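Novice: here's my sequence, what's the structure:
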Amino acid sequence: MTEHKVGTREEWLAARTALLAEEKVLTRRSDELARKRQALPWVPVEQDYGFEADEGTKTLADLFDGRSQLLVYHFMFGPTVEGWPDAGCPGCSYTADSLDGAVAHLPPRGVTFVAVSSAPLENLQAYRRRMGWSFPWVSAAGRDFNLDFAVFTEEGRETGTGFNFGTPKHAAEIDLRRDELHGLSAFALEDGVVYHTYSCYDRGTDVLNATWQLLDRAPKGRGDDPEDWPRRHDEYK
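Specialist: Predicted coordinates for the structure are as follows:
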């Protein structure tokens, strides 16, 4: 016997209609926030970053691949010398499953997508083959790209703190000079100048994951995380 409230079709329809009004408010608010994201000031990227890609060494401007917009997913996969296994973060892999199908639709809108990690390129290539993903993935091994775009003050960069704009939750437990963390950064390219336009981290990336959105609409929602979940998609029994 279910412990959940049970009602008539008429009761459900009345409650659902009331909820629809709230959902529409949220949709309009989401549209407004998207416009505000796009209205943020653009900051010129003055440092020269290098990345190891399938085609060789590339600059940040090269990653645009001839387009004017670039989305970078900061994928947690650190160098093996720091104790990382030969596999990416299960949580980032969980999100990457959603991203892989989506990125094919971005180039016609002038947007290039690439994942960036600090693991050596050969580790990224091997893991991408294992997971069956097709999106571009480059290595920033030995470089400060992921650190620079997780902190936004010189003090934070020097101390390795400041993830998610200095959210106190992470202040004591994370050293960004050593640790990899997930996020999404956006860049624009105009007249040969690369601009940083937006970044989000932590729960700010929830909406990138289609599985979270599906679970939010399931009868019991996300529920409590069972042990060892999410897993990499080839690790479920």
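Novice: could you use CA atoms for every contact and neighbour count after this?
Specialist: Noted.
Novice: show me what secondary structure element comes after the biggest helix by length in the chain.
Specialist: When every helix of the chain is counted residue by residue (DSSP state H), the longest turns out to be helix 9-38. Counting by DSSP states H and E, the next helix or strand C-terminal to helix 9-38 is strand 43-44.
Novice: ok, then the element right after that following strand?
Specialist: Sequence-wise, the next helix or strand downstream of strand 43-44 (DSSP H and E) is strand 50-53.
Novice: contact partners of that following strand?
Specialist: 57-60, 121, 137-141, 143 (Cα atoms under 8 Å, 6 or more residues apart in numbering).
Novice: helix or strand right after it?
Specialist: Counting by DSSP H and E, the next helix or strand C-terminal to strand 50-53 is strand 56-59.
Novice: in that following strand, what's buried?
Specialist: Lys58 (16 or more other Cα atoms under 10 Å).
Novice: what of stretch 85-100?
Specialist: 87-90, 92-97, 99.
Novice: relative to the whole chain's centre, how far out is it?
Specialist: How far stretch 85-100 lies from its chain's middle: 10 Å, per Cα atoms, centre = their mean, to the nearest Å.
Novice: ok, residues contacting that stretch?
Specialist: Contact with stretch 85-100 is made by 75-78, 80, 123, 127, 133-135, 182, 208-211, 230-233, as judged by Cα under 8 Å, 6+ apart.
Novice: kindly report the same for stretch 25-38.
Specialist: Residues outside stretch 25-38 that contact it (Cα under 8 Å, 6+ apart): 197-198.
Novice: pLDDT below threshold where in the protein?
Specialist: Within the chain, the ranges that satisfy pLDDT under 70 run 1, 80-83, 152-153, 160, 168-177.
Novice: rerun that using 90 as the cut-off
Specialist: Within the chain, the ranges that satisfy pLDDT under 90 run 1-5, 78-86, 141-144, 146-182, 201-204, 222-230, 236-237.
Novice: now the strands for it?
Specialist: Along the chain, counting by DSSP state E, strands occupy 43-44, 50-53, 56-59, 69-74, 111-117, 137-139, 183-190, 193-201.
Novice: same list, the ones you listed, but as JSON lines with distance to Val6 please.
Specialist: Listed next are the strands of the chain as JSON lines, based on distance: least, Cα to Cα, whole Å:
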{"stretch": "strand 43-44", "distance to Val6": "54"}
{"stretch": "strand 50-53", "distance to Val6": "55"}
{"stretch": "strand 56-59", "distance to Val6": "59"}
{"stretch": "strand 69-74", "distance to Val6": "43"}
{"stretch": "strand 111-117", "distance to Val6": "45"}
{"stretch": "strand 137-139", "distance to Val6": "48"}
{"stretch": "strand 183-190", "distance to Val6": "40"}
{"stretch": "strand 193-201", "distance to Val6": "38"}
